[in-house]
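Novice: Using only what follows, build the 3D model:
(one chain, ligands or ions: 2)
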Amino acid sequence: MDETYKSGYIAIVGSPNVGKSTLLNRILGQKIAIVTPKPQTTRNRILGILSRNHFQMLFLDTPGIFQPGYRLQKIMVQTATRALREADVVLLMTEGSRQPGPDEEMILGLLSRTETPAVLAINKSDVVADKRTLLPLIETYSRRHPFREVVPISALTGDGIEDLLKVLAKHLPEGPQYYPQETITEAPERFIAAEIVREKVFLQTGEEIPYAVAVKVDEYKDRDHLLYIKATVYVERDSQKAILIGGKGRKLKQIGQLARQELEASTGRKVFLDLWVKVRRKWRQKDQDLRFLGYPSRR
Ligand code: GDP
Ligand code: MG
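Specialist: Ligands and ions are numbered 1, 2, ... in the order given. This next block holds a predicted model:
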């Protein structure tokens, strides 16, 4: 091993649902990015910092790259492509059962316009019985782009993660330690709290509801020995509000309970979660609403 200190941004990019956020959490050994079985869970760029003796890796978890429809999706894809362009190393993620499709074509197109070293991680190796079955996929990708290395991993079990880190460290540029050793993320507590609520909404509702939901934390403060968090769940229509609240308020209560439990576990404090639901018509289409809800457009 050489002894120079290395540091830089590593953008984790890929199609929705391949396991980017799961990988970030696994690498950090802590949950900072929400994960659900539904695609398009991640909407913002999330910084996760891994510090070891000889390097500091600044991972950027990103929304998936796909063909966007409405304005929020366009902002999500912009966020991801910008992270890709600004990174020192690109980590493209896919999964063994996925053939490259239009999303991957978009990403490969973006990669071909950069000089940035790229590493391919093929995730979900835990569901691949025989890793040799990945060879045709590896060949397909290698023909399309000069990936520095291809690493099969399982973000879920941790298999292959240390190998992946070694590969990434090799391609990281020399650089200073940007953040204190113990810093894991820059995301404010309020943002993480809002994300935890949104994760529970994703997990507890179906159809279009998760995609019509945004969460904003209005208050986050100490109050009589506990942490008081007031959050508003925004939806686009009255009918969605009714579903989210549920008969006798049961659905919202369930979401609130699950979110509170996780907030208590992650903050180590007793939490009072005061949850409200409001309608903001077509917020996913309006720049002003998108900014208000924490999704500023970027170019
Ligand atoms: P993202 O959209 O790329 O950030 O994907 P997520 O991290 O949100 O994961 C999407 C789904 O894939 C979730 O249900 C994860 O539990 C699952 N998942 C992620 N990594 C793995 C893995 O290595 N193996 C398996 N079996 N499932 C995984
Ligand atoms: Mg994600």
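Novice: Could you say which helix or strand holds the closest residue to Gln204 other than its chain neighbours?
Specialist: Counting by C-beta to C-beta, 6 or more residues apart in numbering, Ile255 is the residue found nearest to Gln204 once chain neighbours are left out, at 5.2 Å. C-beta: built from backbone N, CA, C; applies to glycine. Using DSSP states H and E, Ile255 sits in helix 250-267.
Novice: how far out from the middle of the chain is stretch 256-263?
Specialist: Per C-alpha atoms, centre = their mean, to the nearest Å, the displacement of stretch 256-263 from the mean C-alpha position of its chain is 20 Å.
Novice: Quick one: mean pLDDT over it.
Specialist: Mean pLDDT, stretch 256-263: 98.
Novice: Over to stretch 267-280?
Specialist: Mean predicted confidence for stretch 267-280 is 97.
Novice: buried sites along it?
Specialist: By 16 or more other C-beta atoms under 10 Å, the buried positions in stretch 267-280 come out as 271, 273, 275, 277, 280.
Novice: among these, which are in reach of ligand 1?
Specialist: Among the buried residues of stretch 267-280, no residue lies close to ligand 1 (C-beta under 6 Å from any ligand atom).
Novice: What are the contacting residues of the helix holding Ile255?
Specialist: 31, 189, 192-193, 196-197, 199-201, 203-205, 227, 229, 233, 243-246, 270-273, 275, 277 (C-beta atoms under 8 Å, 6 or more residues apart in numbering).
Novice: Out of the residues you listed, which end up buried?
Specialist: 31, 192-193, 196-197, 199-201, 203-205, 227, 229, 233, 243-245, 271, 273, 275, 277.
Novice: Now intersect these with the strands, please.
Specialist: Among the buried ones among the contacts of helix 250-267, DSSP state E puts 227, 229, 233, 271, 273, 275, 277 in strands.
Novice: between these, which is closest to Val13?
Specialist: Val233 (28.6 Å; C-beta to C-beta).
Novice: which residues does that closest one bridge with?
Specialist: Val215, Val277 (DSSP bridges).
Novice: ok, it touching Val215?
Specialist: Yes - between Val233 and Val215 there is a contact at 5.4 Å, judged by C-beta atoms under 8 Å.
Novice: Need the overlap of contacts for those two.
Specialist: 197, 201.
Novice: Closest to ligand 2 out of the ones in strands among the buried ones among the contacts of helix 250-267?
Specialist: Ranked by distance to ligand 2 (C-beta to the ion), these are led by Val233 at 19.6 Å.
Novice: quick one, what contacts Lys131?
Specialist: Lys131 neighbours (C-beta under 8 Å, 6+ apart): 125, 152.
Novice: wait, does the host helix or strand of Glu104 contact ligand 1?
Specialist: Secondary structure assigned from DSSP H and E places Glu104 in helix 102-112. No - counting by C-beta under 6 Å from any ligand atom, ligand 1 has no neighbours in helix 102-112; the shortest distance is 11.0 Å.
Novice: counting contacts, what elements does the very next helix or strand once past that helix pack onto?
Specialist: Elements were assigned by DSSP H and E; along the chain past helix 102-112, the next helix or strand is strand 118-123. Contact here means 3 or more C-beta pairs under 8 Å, 6 or more residues apart in numbering; DSSP states H and E; on that basis strand 118-123 packs against helix 20-28, strand 89-95, helix 135-144, strand 149-152, helix 161-171.
Novice: so the helix holding Glu104 versus strand 89-95, what angle?
Specialist: Angle of helix 102-112 versus strand 89-95, following axes from the mean of the first three to the mean of the last three C-alpha atoms, to 10 degrees, is 160 degrees.
Novice: How far off centre is helix 102-112?
Specialist: 19 Å.
Novice: residues touching whichever residue of the chain sits closest to ligand 1, list them.
Specialist: At 2.9 Å from ligand 1, Gly19 is the closest residue in the chain, using C-beta to the nearest ligand atom. Gly19 sits next to 93, 95, 123-124, 155-156 when contact means C-beta under 8 Å, 6+ apart.
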